[in-house]
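In: Structure here, sequence nowhere to be found:
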C-alpha cells in the first residue's frame, strides 16, 4: 500500500503464478486473438467489397465487427504481455487508455445492437417504407453519433479519476477497471460515483428501452401475421437476439462482480467471468452472423470455392 498520492503505475492483482503453464495460456490466448482478428476482418472486407451488401443491416454489422476489433485490441495485447510477465504492473497512462478502450467498446456494442433492433423493427413492421426511413445518410449519422456519444461518455470518467489521490495501486482484475481505481481513492469520490451511476443508467436504459419497444412490436406482427411473415422475422432476428443475449450475459456478470464481493468464488471462475464479455462476444458475432445471415454465408462460400 502507498500513502495518499497519484499512482504512476498499477498492479493487476488477479494474476497468479502458473509456472511453465503460462506459455500454454499465452499460446491459447494468442490463437483466440488471431481467430477474432481474422473472423472479423474477413466479414468487414466481404461487406465492404460486395455492393450487394451495402444495405442498412450490413452497414450496422460492419460497425459491430469494427467494434469487436477495437475492443479486442484494447484487451489482448496487454493481456498477452501480463501472462508472460512475472511482475503484473502497468503504467497509469496505459491503464487509463485500456479503460477508455474497453468502456467505449462496451457502450458502442450495446448501442449498436439497439440500433440494429430498430432496423429489424422497420424492416419487418414497415417493409414498404423501410428504404425511405433507412437511407445511407441516416445510417452514417447514426453510426457516427453512437461512436461520438460513447467516446465522450467514456472519456469523462478518465478525467475525473486521473486527479484522484489514491491509497493503493492494486486492481484485483486481469485488466484495468475505472471503478476499481475509484475504490482505491482516499480523496472525495462523490462526483465520480454520481457521474458513474448517471452514465451507466443512461447507457443501459436507452438501449434496453429501444430493444424492448422494437421487439414488442416485432412479436406482435409475428403473432398476427402469416406463417411466411413469422419465418422471415425469426430468420432475421435470431442472430441479433443471440448476440444481444450473449453480450448481456457477460456484461451482467462483469458489473455484478465489480460492484459486489465475490471472494467466495474461485479465482479462475472470476477471471473467466470478467473476460467472457470481452473475448466470447468478438468471436461469437462473426460466427453467428456468418452462419445465419444467408447473404454473407453465400458470398463467403463463393469466395472459398473461387480460391479453391
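Out: Structure's in. What do you need? Keep in mind that this is a model prediction, so the values were computed, not measured. Residues are numbered from 1 along each chain as shown.

In: could you say what helices and strands the host helix or strand of residue 271 packs with?
Out: Using DSSP states H and E, residue 271 sits in helix 267-292. Applying 3 or more C-beta pairs under 8 Å, 6 or more residues apart in numbering; DSSP states H and E, one finds that helix 267-292 makes contact with helix 21-49, helix 56-84, helix 92-125, helix 227-259, helix 294-307. In this view, the C-beta of every residue, glycine as well, is placed from N, C-alpha and C.

In: In it, which residues are buried?
Out: For helix 267-292, burial by neighbour count (16 or more other C-beta atoms under 10 Å) applies to 270, 273-286, 288-290, 292.

In: just stretch 27-46 next, same as before
Out: Those would be 29, 32-33, 36-37, 39-40, 42-44, 46, for stretch 27-46 by 16+ other C-beta under 10 Å.

In: Turn those into a markdown table, including pLDDT and distance to residue 102.
Out: Output for the buried residues of stretch 27-46, formatted as a markdown table (pLDDT from 0 to 100; distance: C-beta to C-beta, whole Å):
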| residue | pLDDT | distance to residue 102 |
| --- | --- | --- |
| 29 | 92 | 16 |
| 32 | 93 | 16 |
| 33 | 94 | 15 |
| 36 | 93 | 15 |
| 37 | 94 | 17 |
| 39 | 89 | 20 |
| 40 | 92 | 17 |
| 42 | 87 | 24 |
| 43 | 89 | 22 |
| 44 | 91 | 21 |
| 46 | 85 | 27 |
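
In: so who does the closest residue to residue 69 other than its chain neighbours touch?
Out: Nearest residue to residue 69, sequence neighbours excluded (C-beta to C-beta, 6 or more residues apart in numbering): residue 40, at 5.1 Å. If a contact means C-beta atoms under 8 Å, 6 or more residues apart in numbering, then residue 40 has 65-66, 68-69, 72, 282, 285-286 as its contacts.

In: cool, and residue 8?
Out: Taking C-beta under 8 Å, 6+ apart, one finds 91-92 in contact with residue 8.

In: May I ask which helix or strand of the protein has the lowest mean pLDDT?
Out: Here the helix or strand of the chain ranked lowest by mean pLDDT, DSSP states H and E is helix 294-307, holding a mean of 62.

In: quick one: average confidence on stretch 51-68?
Out: The pLDDT scores in stretch 51-68 average 89.

In: next one: stretch 147-158
Out: Mean predicted confidence for stretch 147-158 is 92.

In: What residues sit buried inside it?
Out: Neighbour-count burial for stretch 147-158, counted by 16+ other C-beta under 10 Å, picks out 147, 149-150, 153-154, 157.

In: Of these, which is the nearest to residue 178?
Out: Nearest to residue 178, judged by C-beta to C-beta, of these is residue 157 at 5.2 Å.

In: show me what contacts the closest one?
Out: Under the criterion of C-beta under 8 Å, 6+ apart, the neighbours of residue 157 are 99, 103, 178, 192, 195-196, 199.

In: from these, which would you call buried?
Out: Among those, those buried by neighbour count (16+ other C-beta under 10 Å) are 99, 103, 178, 192, 196, 199.

In: Next up, the contacts around the residue nearest to the spatial centre of the chain.
Out: Residue closest to the average C-alpha location in the chain (C-alpha atoms, centre = their mean): residue 106, at 3.8 Å. Contact analysis of residue 106 by C-beta under 8 Å, 6+ apart lists 71, 251, 277.

In: From residue 193, how far out is the residue nearest to residue 112 when sequence neighbours are not counted?
Out: Once flanking residues are discounted, residue 112 sits nearest to residue 64: 5.1 Å by C-beta to C-beta, 6+ apart. To residue 193, residue 64 is 31 Å away according to C-beta to C-beta, to the nearest Å.

In: neighbour-wise, which of these two wins?
Out: residue 64 (26 against 13; other C-beta atoms under 10 Å).

In: And the more buried one, how far from residue 108?
Out: 9 Å.

In: go on, residue 156?
Out: Going from residue 156 to residue 108 by C-beta to C-beta gives 16 Å.

In: Check residue 289 too.
Out: Distance, residue 289 to residue 108, using C-beta to C-beta: 17 Å.

In: again with residue 142
Out: Distance from residue 142 to residue 108, by C-beta to C-beta: 12 Å.
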